[in-house]
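**Student:** Mind looking at a prediction? Sequence and model below.
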Amino acid sequence: MKLKDLIIELLSDATCAVDKGEKKALYEGLFRTAEYYLYDPWSQEFVGYHLHGMRYHEVELDAERQIYSAATGLYLGIRKGWLRWLTVEGAVVLTPLELAEQAEQQAKQEKHRAE
């Protein structure tokens, strides 16, 4: 069985205590998940933990309020109120929906030019 290299929990009032307590202990002690992130979209709370040895250590956010993920080679940070993946250069990694919308826009532009 392959365990996850990283887990992101989106917090809510109903799950916050479990995510910060029981789940964190489970991912740290049993699963040995290398990276664990908690994000509350309402309060914008963003906390990351990286596994060092047998324990999680909280990772400090950098000046841009982001954390480097060695598991992905990307940064995780808050942009316009959303938790987003970012390249090392700081560009937002587009979601599949955003990529589809971008392709649709390009197709419309090509059609307009052709006309």
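**Tutor:** Great, that's in hand.
**Student:** so where do the helices sit in the protein?
**Tutor:** 16-18, 24-26, 96-114 (DSSP state H).
**Student:** Save the ones you listed as CSV, and put in mean pLDDT too.
**Tutor:** Formatted as CSV, those follow (pLDDT from 0 to 100):
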stretch, mean pLDDT
helix 16-18, 94
helix 24-26, 95
helix 96-114, 89
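**Student:** Which of those helices sits closest to Gln44?
**Tutor:** Closest to Gln44 of these, according to CB to CB: helix 16-18, at 13.9 Å. From N, CA and C alone the C-beta is placed, and that goes for glycine too.
**Student:** chain center to that closest one: distance?
**Tutor:** 18 Å (CA atoms, centre = their mean, to the nearest Å).
**Student:** any idea how far the spatially most central residue of the chain lies from Tyr49?
**Tutor:** Closest to where the C-alpha atoms of the chain average out (CA atoms, centre = their mean) is Leu76, at 4.8 Å. Distance, Leu76 to Tyr49, using CB to CB, to the nearest Å: 12 Å.
**Student:** and if you look at Asp19?
**Tutor:** Counting by CB to CB, the gap from Asp19 to Tyr49 is 12 Å.
**Student:** which residues does Gly73 contact?
**Tutor:** Val88 (CB atoms under 8 Å, 6 or more residues apart in numbering).
**Student:** what phi and what psi does the backbone show at it?
**Tutor:** phi 80, psi 20 (degrees, to the nearest 10).
**Student:** still on that earlier bit, intersection of neighbour lists for Leu76 and Tyr49?
**Tutor:** Tyr37.
**Student:** For the chain, which residues score under the pLDDT cut-off?
**Tutor:** Scanning the chain for pLDDT under 70 picks out 1-2.
**Student:** residue boundaries of the strands in it?
**Tutor:** For the chain, the strands defined by DSSP state E occupy 6-10, 35-39, 46-52, 55-59, 66-69, 74-79, 82-86.
**Student:** any chance of those strands in CSV, plus distance to Glu115?
**Tutor:** Converted to CSV, these look like this (distance: least, CB to CB, whole Å):
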stretch, distance to Glu115
strand 6-10, 44
strand 35-39, 44
strand 46-52, 46
strand 55-59, 52
strand 66-69, 43
strand 74-79, 36
strand 82-86, 36
